[in-house]
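**Student:** My questions are about this predicted structure, shown below with the sequence.
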Amino acid sequence: MARYAPTLLTQTIGQPAMRREVDVMGLTVCLALLGALIAGSDHEPHSKFDLIVIVWVTTVGLVLTHAFALMLAVWLVKDPTYTIKPALLLGFQLAMASLIALTATVVALLASSDYDRLGARMSAAVFLGLLVGIELRAHGSSPARSLAWGLISMAAAVGLATAKWVVGS
């Protein structure tokens, strides 16, 4: 019997409200990471450690800030129809943000110092496009439409990431 019991992950991912909240966090983290890594110059000397700190403080800090705001809002506005447990939501949002940060970290560490900031931004851009495509497909869009919107989203974010590198400072 135990092998048929749904796991916490499948129970949670099956809830559209929870999934939407986690997706919002993923998309927000990607965009915030792009914004944070646009500040400063890509072509000035910098340490990889400083870059990794920016990545992790931005992503995890955003989740913790959102969690505080959510808990405060839940306390201020009572809504009996809101069934999402804030602590569970925080866990899934933190997992999403950590996956994005880990991806950006690996790319930044593997890239040369001339391309590490660009690589971290590109990883956020690619993650954003993948998230859009995967969610559209999961919610019934055709493979072609899901791919098209994922690529459009990714292209816009990649364009922003690349423009910053080309401009320089």
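**Tutor:** Everything's here; your move. Residues are numbered from 1 along each chain as shown.
**Student:** use CA for all of it now, contacts and neighbours both
**Tutor:** Noted.
**Student:** Quick check: phi and psi on residue 39?
**Tutor:** phi -60, psi 140 (degrees, to the nearest 10).
**Student:** now it: how far from residue 81?
**Tutor:** 41 Å (C-alpha to C-alpha, to the nearest Å).
**Student:** More neighbours: which of the two?
**Tutor:** Between residue 39 and residue 81, counting by other C-alpha atoms under 10 Å, residue 39 is the more crowded of the two (10 against 6).
**Student:** now for whatever helix or strand residue 109 lives in, which elements pack on it?
**Tutor:** Using DSSP states H and E, residue 109 maps to helix 86-110. Judged by 3 or more C-alpha pairs under 8 Å, 6 or more residues apart in numbering; DSSP states H and E, the packing partners of helix 86-110 are helix 16-38, helix 48-76, helix 116-138.
**Student:** Would you indicate which residues of the first one are buried?
**Tutor:** So the one you mean is helix 16-38. Neighbour counts over helix 16-38 (16 or more other C-alpha atoms under 10 Å) mark 18-19, 22-23, 25-34, 36-38 as buried.
**Student:** just for this structure, where's the confidence low?
**Tutor:** For the chain, the stretches flagged by pLDDT under 70 are 1-13, 165, 168-169.
**Student:** what domains does the record give for it?
**Tutor:** With domains defined by automatic domain parsing, the chain comprises 47-110, 112-169.
**Student:** winner for burial among those domains?
**Tutor:** With neighbours defined as mean count of other C-alpha atoms under 10 Å, the domains of the chain peak in mean count at domain 112-169, which reaches a mean of 19.
**Student:** Nearest to residue 108, out of the helices and strands packed on helix 86-110?
**Tutor:** helix 116-138 (4.3 Å; C-alpha to C-alpha).
**Student:** At the geometric centre of the protein, which residue sits there?
**Tutor:** residue 26 (3.0 Å; C-alpha atoms, centre = their mean).
**Student:** Run through the residues that contact that one.
**Tutor:** Residue 26 sits next to 93, 96, 97, 100, 128, 131 when contact means C-alpha atoms under 8 Å, 6 or more residues apart in numbering.
**Student:** how near is the last one to residue 96?
**Tutor:** As defined by C-alpha to C-alpha, residue 131 lies at a distance of 11 Å from residue 96.
**Student:** Which residues are in contact with the closest residue to residue 104 other than its chain neighbours?
**Tutor:** Residue nearest to residue 104 in three dimensions, not counting chain neighbours: residue 120, with 4.4 Å by C-alpha to C-alpha, 6 or more residues apart in numbering. By C-alpha under 8 Å, 6+ apart, the residues touching residue 120 are 37, 103, 104, 105, 107, 108.
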